[in-house]
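The sequence and its predicted three-dimensional model are supplied below.
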Amino acid sequence: AQYRDVQLIQLSVKCPHLASLDLSWCERLTDYSVCRMAEGCTLLTELSLSNCDAVGSPGIIALARNCGSLTALDLTGCTRVEDDAIGEIIKSLLQLSWLSISLCELLTKDSLIAMNDWGESLTSLEMLGCSSMSRKDVVRFKEKVAGRTHVVDEQDDFNDALYK
């Protein structure tokens, strides 16, 4: 279903005990409704906002501050998400084990630094198409989190050796 802001707000009011929600491709959702949902559905453990490209840092920061039980978060294609949101996610969501930031074009090495410094619980990270991150920075990050976090990106480990 293609949810709109009003429908998501109604859902969060009527279903405060919601644990898992897939809002993939709900392109009409904005930060406003995601903020309201974060306030109403604080028990979420899994959330997909894949390709909700009108959702940016304000909505994601609200999720991080209100939904402390999140273990899986899909932000694939959320092209308005910036480093500050990733920093807040990593510092606030202490149970987060799976994260996809693929195609989040605004993210830079600052997100990698936050995930390295604070992402102890993160066991799996998908980061395909993060075009604002240099290959060299990604390779360094993968080396630092090896053994702790499985990272899926454009290159395999063999090609990573070229950037060391």
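Arrived safely, thanks for sending. Numbering: from 1, shown residues only.

could you check the distance from Leu23 over to Lys91?
Separation of Leu23 from Lys91 (C-beta to C-beta, to the nearest Å): 23 Å. Using the backbone N, CA and C atoms, a C-beta is placed for each residue, glycine as well.

what do you get for Ser100?
Going from Ser100 to Lys91 by C-beta to C-beta gives 18 Å.

More neighbours: which of these two?
Neighbour count, other C-beta atoms under 10 Å: between Ser100 and Lys91, Ser100 has more, with 22 against 14.

Surely the more buried one touches Ser50?
Yes - the pair Ser100 / Ser50 is scored as a contact, 7.4 Å apart, by C-beta atoms under 8 Å.

Spit out the residues that contact the two alike.
Common contact partners of Ser100 and Ser50 (C-beta atoms under 8 Å, 6 or more residues apart in numbering): Asp74, Leu75, Thr76.

residue contacts, Asn116?
So Asn116 contacts Phe141, Lys144, Val145 (C-beta under 8 Å, 6+ apart).

can you pull the contacts of the last one?
Read it as Val145. Contacts for Val145 (C-beta under 8 Å, 6+ apart) come out as Met115, Asn116, Gly119, Leu122, Leu125, Val151.

Burial check on Met115, number of neighbours?
Around Met115 there are 24 other residues, counting by other C-beta under 10 Å.

In helices, which of the contacts of Val145 fall?
With DSSP state H as the criterion, helices contain Met115, Asn116 from among these.

so which of the contacts of Val145 comes closest to Asp83?
Closest approach between those and Asp83, by C-beta to C-beta: Met115, at 10.5 Å.

Which of the helices and strands in the chain ranks last by mean pLDDT?
The least trusted helix or strand in the chain, going by mean pLDDT, DSSP states H and E, turns out to be helix 157-160, with a mean of 52.
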